[in-house]
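>>> Need a 3D model of the following:
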Amino acid sequence: NTSDLQILFRVSPGGKFTPEMINRAMNQAFFARVGLNSAQFLGRELEEFLKPLGFTAEEMEFRRSMCLKAVREKAVVRYTGTQGPRREAVEVSLSPVLDESGECTHLFWNGRVITERVGAETALREREEKLRVIFNAHQDPQSLIRVEPGGRFVNEAFNQAQIDYARGLIPDPELFLERSRDDFLRALGMSEPEIERGMAQWRECAAEKKPRHFEVIFRRPLPEAIEVTLVPILNSEKVCTHLLWTGHIITERKRNEEELRKRERELAEAQSIGHIGSWTWDIPERKLVWSDEVYRILGYEPQQFAPT
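Numbers count the residues shown, from 1 in each chain. The predicted structure is shown next:
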């Protein structure tokens, strides 16, 4: 009554294997594949039984060698093969049956069709490979972080950009895979208060199941500003199992912004000292902008109203 395909082979001197019993599932599968009743092959050679299933000479020789191995070693032999015109994947176990003297008199062949499972596994591997390529092609440093019970975060994967960036701070970043995230941040030079603030953001992201955006500063060897995006990854039960950490380095942008603010302060100071104002007129937008000193010259507080 089992859904597994089963055959009992008699083992004869000279390495002959003869089908002696075939279960219902095997008989139905055999008929579905080749349109023949498998019972007609009872008592005939192994090769005669295999030939209608479309096996090549090499494939039949491989299956004979597996039978011989099970008899010789008196131990279960397992392999995965394909059979039938549709080349279905089958997971096979060959179990020797011994008599009272310890001689192998029969082999019990058990096959389980795993075509769907193999297809699903192949599709999963292909998806994982595509994700790996996309992950490593990303120019920004990225980390895949596993969320464990108790609020622990573990580094599961680094993309190449993350490895290259971290290598400037620690010799071998990949040593921190499968280690706690806070150990990695500590090695990158973050202080304990900074790490704790980061962990709080991560816990909130995992709990709320919503992306978060924030900035962090790595202070070793020189201050480095990084704009972080944290994205929760949910399983089929809507539980957050991972976080995808992406860091966009904005140090140059921050420096440019600070330089612009500095020049604006210097210009405002120079205008105040010289009692000189300036204005700009954006004609397409019909927008007029006065410097703070223009307001003062005209007797108003800086930015008291929008000029027209």
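
>>> Could you look up the next helix or strand downstream of the helix or strand bottoming out on mean pLDDT in the chain?
Every helix and strand of the chain was ranked by mean pLDDT, DSSP states H and E. The lowest is helix 115-137, at a mean of 65. Next in sequence after helix 115-137, counting helices and strands by DSSP states H and E, comes strand 142-148.

>>> That following strand packs against which elements?
Judged by 3 or more CB pairs under 8 Å, 6 or more residues apart in numbering; DSSP states H and E, the packing partners of strand 142-148 are strand 152-158, helix 160-167, strand 240-249. Using the backbone N, CA and C atoms, a C-beta is placed for each residue, glycine as well.

>>> residues of the second one that come out buried?
Applying a neighbour-count criterion of 16 or more other CB atoms under 10 Å, the buried positions in helix 160-167 are 161-163, 165-166.

>>> which one among those residues gets closest to Trp245?
Of all those, Gln162 has the smallest distance to Trp245: 8.5 Å, by CB to CB.

>>> could you point out where the stretch 201-308 of the chain is predicted with low confidence?
Applying pLDDT under 70 to the stretch 201-308 of the chain flags residues 218-222, 251-258, 266.

>>> would you list every one of the helices in it?
Using DSSP state H, counting those that start in this stretch, the helices of the stretch 201-308 of the chain run over 251-274, 292-297.

>>> nearest to Thr280, of the ones you listed?
Nearest to Thr280, of all those, is helix 292-297, at 10.7 Å by CB to CB.

>>> on contacts alone, who are the packing partners of that closest one?
Helix 292-297 sits against helix 251-274, with contacts defined as 3+ CB pairs under 8 Å, 6+ apart.

>>> before we move on, back to that, closest to Glu204 out of the buried residues of helix 160-167?
For these, the nearest to Glu204 is Gln162 (22.5 Å; CB to CB).

>>> which one is the closest one nearest to, not counting chain neighbours?
Sequence neighbours aside, Pro141 is the residue nearest to Gln162 in space, at 3.8 Å (criterion: CB to CB, 6 or more residues apart in numbering).

>>> who's in contact with the one you found?
Shown in contact with Pro141 (CB atoms under 8 Å, 6 or more residues apart in numbering): 158-159, 161-162, 165-166, 246-247, 249.
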